[in-house]
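>>> Here is the input, now give the coordinates:
(chains A and B)
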Amino acid sequence: MPAEEMGKVTDRMRFVFAVSSLIFLAVLAISPFKDYRREWKQYKRSYLRFAQGRPDTKRLTADYSPDIDQIWLPGMNVVDRCTTCHQGITQASLTDKSVPQPFRAHPPIPHNVRDWGCTICHRGQGPATEVAEAHESTLAWEQPVLPTHFIQASCGTCHQYDLPQTPQLARGRQLLAELNCQGCHKLQGIERPAMLGPDLSSIGTKVSREWIYKWLKEPRTIVDKDGNVTVDGYETEEEPRMPKFRLTETELRALTAYLSAQKAKPFTPYKISSAVVAAWSKNPELISQGELRFRQMFCSTCHSLAVTRAGETKLIGGDIGPELTKVGSKINPDWLVGWLRDPEAYLPHTRMPRYGWSDEDLYKVTQYITTKLVDSDLLSDVPKLDPPTEQEIQLGRRLFTEKGCASCHVIEGLNPQKDFGPDLSALGGKNASELEFGTAKIPHNLLSYIQAKLQDPASVNPAARMPQYNWNQADLDAVTTALLSMKGAPATSALQNLVVPRKEASFHPTGSFAELYERYKCYTCHKFNGYGGDLAPDLTYEGSRAQRQWLVDFLKSPQTLRPTLILRMPQLNMSDKDAATLADYLSMVMQHPRVNPATIETKQFTPSMATLGKQLYEVKYQCQSCHTIGGTGGYVGPNLNNAGGWLTPAWIEAWLKNPQALVPDSIEPRRNFTDEEIKALTAYLMTLRAGIKPQKVALNTGALASGQGAGR
Amino acid sequence: MRIRNLAMAAFGFMALCSVSGCRKHAETPKADPLLAAYDSEADWNDSTKMIPLSYQQGQGKRVFYQYCVWCHADATPAGPSNRSNLTPVPPLLNDGATLNAESDEYMQNIITLGGSAMGKSAMMPPYGRTLSAEEIRAVIAFTRSIAQPPYQPPGRPGSQYSAK
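The predicted structure is shown next:
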């Protein structure tokens, strides 16, 4: 370019300058347009139009602003902009299903949305301002919104004590504990109990090597091609506690060799008196008498048997102890006699009570079990197993720890591997990038991962040591919910102040009561001060409720107060002295602080009060809708035929005033009785007496099959 | 040369802007996971049909199966029902033919105050001192959700309006 032309503005340059200015102007104009078109702003305007079409426009737009709305809770790390689009979330008039999303109000729940924000429960990304980024997982943000079906997991993150409002979460936690997941994994809020699977230190004295082979190969569970789960050929809804391990033939042979050699506590067979054997062994009634005793002692409260009625086979009975349909083909008969006489001698942590046996009963019942509860085909598919070789035993011993058997089962002198499975106590808060998906074709998020792993552990990791469970969909979802709730210690936010701890229960009786309490395992079914099972009534206030003499009679010969129950107090055959010791302790110690039976004189109740009470019972309040007296009335509450011989007047009065103050989950409605009515009803109930007769139990299985229920 | 470069840069910039401006925002809407049910109940007349329940209806289901099921259903968690023991026979909870005609207010009253206060059988006890008003509302919501024939809420101003 010549020097004189430098700095000279030509027309051409002017033209180019003008064009490029225009282009830049156009480009800049896109920016406000893009801003106007932003997703959340469209929702804002759309809400305004929507509100104008409603009759209560003024209220709906009272706190409307065209900007981003957010709930900011600094103490809890919550910055939720969800209300920018979900603008009607707290508007009571927008709850109806016809209101389109995202404007619909939140359905009523115990927490206020404004106080808690959204992401604490629903997950997702609070600060996001685009629909996809807020709800789904993206490369940068990894917490997708939790489907409502699993929302109870969020309740469980803070409420570590079970809430009645979250049954799915409670079921999941219960399954995790029942299936012994804590044997291999660390779980939040679920402690390792003293015993998980049975102690196997002396398993060789109890069962044969062939039976162990069968059990390890298919732990009772058989899944047919339609996915129906059967246990010993009977359909069940319960997941067996022993899962299926994928073992090779060599591993099976080694483990069975090792286990069948475990005889830490050899036993000397108990000799049943020869007079009893001579008297009964030829008696054609032996087996049916044994079955009758088996029923009378209510073994079925804890153990189930398969019963076939109308072509349908069902397991009937409790699930505290193992199912016994084919147990006669499983155990060594000599071992059975020893076990029944003293279960703790074989298994120190057993929940089975030590019954008082006569030789006659023991002979009849064991003969019944080993003759009738059998299946000659049980071990027919097990290959012939030779006596174990030293090499097999050594391999079995190694496999017992390596396969994780030792994580649930105790064998004396063998230590389990520490932290066998991964720590799951913070699994619920993990990001997808922290999980291993392998080649599984599933969506890469936490929810899909948990469900895939539970359904088939090998699907996400072919080398997984985790055994195979067979879940039904509801249980799978419940366990998923419980695992999602475990987000570890909330260290960084005020959430840790919100965590509601699990209630610790303790009951440490002493003296001669404690011995009997251990012997009869009262806590397997009953609760004492919050400790124990919930199959049978809570006995924390039993001393306020029941008269001492009634307790003695009941312990000697238990009768149910609720005729529809099939799970009943077993006949423990206790001595008079044992029954008296237990009754004394219950009446003196297990009292409600405000219900002292000694404070009410029975003499104050006059016949005229009782007459008034009878009228109130039958006409005004019609208590017979739920309670039975003299053969008529309902089945919901306990039978009151013997109320006067059973309950203390102090308890009846306190109960009529407020049943839930004594038993919080009682379904008896709290009525508005006057003091005079309470006295009259108490006087009437105290006149009701019936002699205690020994329990008659029909041999007919029909009585057992009418249903299942327990507790109050 | 320089001019052409300049023009090309401008065009490139504009193209970039327009591409980013046109990037699709919303993809095809997926099923809203928030609409999935909190709980569900099998239709009493057809156990293969599941009825989705909201949180409130789910709480009503819990209260029902603890307190009411014994007399207002034919099958209970503990086996046989007490319903056949009672005269007059209490309605089944899903009996829409009987219960759909009753207003929420009436239902609230009969549960709270009992049958005798409402001129019905005294066999229905009052639950107002045992259950909270909220729990009773939840039970009614559950009743409505499982009613056969289905329950139609009475016309309310507002339900005819929609977003469009």
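>>> Need the pLDDT of residue 146.
Reading this off chain A. Here the pLDDT value assigned to A:L146 is 88.
>>> ah, no, chain B please
B:I146 carries a pLDDT score of 93 in this model.
>>> can you check the one 10 residues further on too?
At B:R156, the model reports a pLDDT of 50.
>>> what's the answer for the one 4 residues further on, then?
The score at B:Q160 is 40. That number is its pLDDT.
>>> swap in A:A3?
Predicted confidence (pLDDT) at A:A3: the value is 63.
>>> cool, and the one 10 residues further on?
Looking at A:M13, its pLDDT stands at 89.
>>> so where does B:P52 fall, helix or strand?
Assigned by DSSP states H and E, B:P52 belongs to strand B:46-53.
>>> name the helices or strands packed onto that strand?
strand B:39-43, helix B:133-146 (3 or more C-beta pairs under 8 Å, 6 or more residues apart in numbering or on different chains; DSSP states H and E). For glycine as for every other residue, the C-beta is placed from the backbone atoms N, C-alpha and C.
>>> Just checking: what are the partner strands of it?
According to DSSP bridges, strand B:46-53 forms sheet pairs with strand B:39-43 (antiparallel).
>>> low-confidence ranges in chain A?
Across chain A, the ranges flagged by pLDDT under 70 are A:1-6, A:138-140, A:193-195, A:220-240, A:311-313, A:490-505, A:560-566, A:691-712.
>>> shaky segments in chain B?
Across chain B, the ranges flagged by pLDDT under 70 are B:1-36, B:155-164.
>>> returning to that earlier point: export the strand holding B:P52 as CSV, just CAs?
What follows is strand B:46-53, C-alpha atoms only, in CSV (Å, rounded to 0.1, in the frame of the first residue of the first chain):
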residue,chain,number,x,y,z
ASP,B,46,-59.9,-57.1,41.4
SER,B,47,-56.6,-57.9,43.1
THR,B,48,-54.7,-57.6,39.8
LYS,B,49,-55.5,-53.9,39.6
MET,B,50,-53.3,-51.6,41.8
ILE,B,51,-54.5,-48.2,42.9
PRO,B,52,-51.8,-45.6,43.4
LEU,B,53,-52.0,-43.7,46.7
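>>> most packed of the helices and strands packed on strand B:46-53?
Most buried of the helices and strands packed on strand B:46-53, by mean neighbour count (mean count of other C-beta atoms under 10 Å in any protein chain shown): helix B:133-146, with a mean of 21.
>>> Show me the one of the helices and strands packed on strand B:46-53 that comes nearest A:T250.
strand B:39-43 (46.8 Å; C-beta to C-beta).
>>> still on that earlier bit, can you add distance to A:W655 and give the helices and strands packed on strand B:46-53 back as JSON lines?
Below are the helices and strands packed on strand B:46-53 laid out as JSON lines (distance: least, C-beta to C-beta, whole Å):
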{"stretch": "strand B:39-43", "distance to A:W655": "33"}
{"stretch": "helix B:133-146", "distance to A:W655": "21"}
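>>> Surely A:V636 touches A:I667?
Yes. Shown here, A:V636 and A:I667 form a contact pair, counting by C-beta atoms under 8 Å, at 7.5 Å.
>>> Now for these two: what residues contact both?
With contacts taken as C-beta atoms under 8 Å, 6 or more residues apart in numbering or on different chains, A:V636 and A:I667 have B:W70 as neighbours in common.
>>> Which one's more surrounded, the two?
Comparing A:V636 with A:I667 by other C-beta atoms under 10 Å in any protein chain shown, the one with more neighbours is A:V636, at 22 against 18.
>>> can you tell me which residues contact that one?
A:V636 makes contact with A:S625, A:C626, A:H627, A:I667, B:W70, B:C71, B:N82, according to C-beta under 8 Å, 6+ apart.
>>> Inside strands: which ones of these?
Applying DSSP state E to those, no entry is found in strands.
>>> between the residues you listed, which has the most around it?
B:C71 (26 neighbours).
>>> Quick check, it in contact with B:S81.
Yes. Using C-beta under 8 Å, B:C71 is in contact with B:S81, at 7.2 Å.
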